[in-house]
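S.K.: From the sequence below, what's the structure:
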Amino acid sequence: MKNIFAIPLASGRLCSHFGHCEQFAIVEVENNAIIGESLITPPPHEPGLLPGWLADRGVTDVIAGGMGQRALDLFAAQNIKVNVGAQHKAPKELVGDWLENSLVTGSNACDH
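M.R.: Just a heads-up that it's a prediction; the model follows:
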């Protein structure tokens with residue numbers, strides 16, 4: 001099974017506010033191994049745009065610090081799984097934690 005993760009970044013680490021990140025790390029996983037990583041720059045922030053934009057890029061999973069309820073609903077409509085409340089780590093560390101079933105998530109860092 002192949003998973004494609006999108007992780008919002010600021011200065012190369014998880015960005016706490018999903019919609020205002022500098023870049024996304026796109027991390028590809030197949031057979032429980034990371035097989036690729038690339039960085040993409042998102043379009044200018046516009047509420048509701050990113051879920052469809054990431055779905056068009058084949059994303060199946062998101063690891064985020066915080067995300068608004070509307071974005072969570074839009075990702076669910078795209079059948080993209082979202083993990084919120086993740087720690088401020090590098091993308092490969094976060095996906096590695098997910099692969100080992102040790103990804104630490106907590107409360108949604110976004111309250112709007």
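S.K.: now what about stretch 6-19, what contacts it?
M.R.: 21-27, 39, 45, 47, 50, 54, 57, 59, 61-68, 71, 86-91, 94-95, 109-110 (C-beta atoms under 8 Å, 6 or more residues apart in numbering). (Glycine included, C-beta is placed from N, CA and C.)
S.K.: Now stretch 34-41: buried residues?
M.R.: residue 34 (16 or more other C-beta atoms under 10 Å).
S.K.: any idea of the mean pLDDT in it?
M.R.: In this model, stretch 34-41 has an average pLDDT of 96.
S.K.: returning to that earlier point: narrow the contacts of stretch 6-19 to just the buried residues.
M.R.: Using 16+ other C-beta under 10 Å, the buried ones in the contacts of stretch 6-19 are 21, 23-27, 50, 54, 59, 61-68, 71, 86, 89, 91, 94-95, 109-110.
S.K.: tell me the pLDDT at the residue lying closest to residue 8 once chain neighbours are set aside?
M.R.: In space, and not counting its chain neighbours, residue 8 is closest to residue 21: 3.4 Å by C-beta to C-beta, 6 or more residues apart in numbering. With respect to pLDDT, residue 21 scores 89.
S.K.: Contacts only, for residue 21.
M.R.: 8, 9, 10, 15, 42.
S.K.: cutoff 6 Å now
M.R.: Shown in contact with residue 21 (C-beta atoms under 6 Å, 6 or more residues apart in numbering): 8, 9, 10, 15.
S.K.: how close does it sit to residue 100?
M.R.: Counting by C-beta to C-beta, to the nearest Å, the gap from residue 21 to residue 100 is 25 Å.
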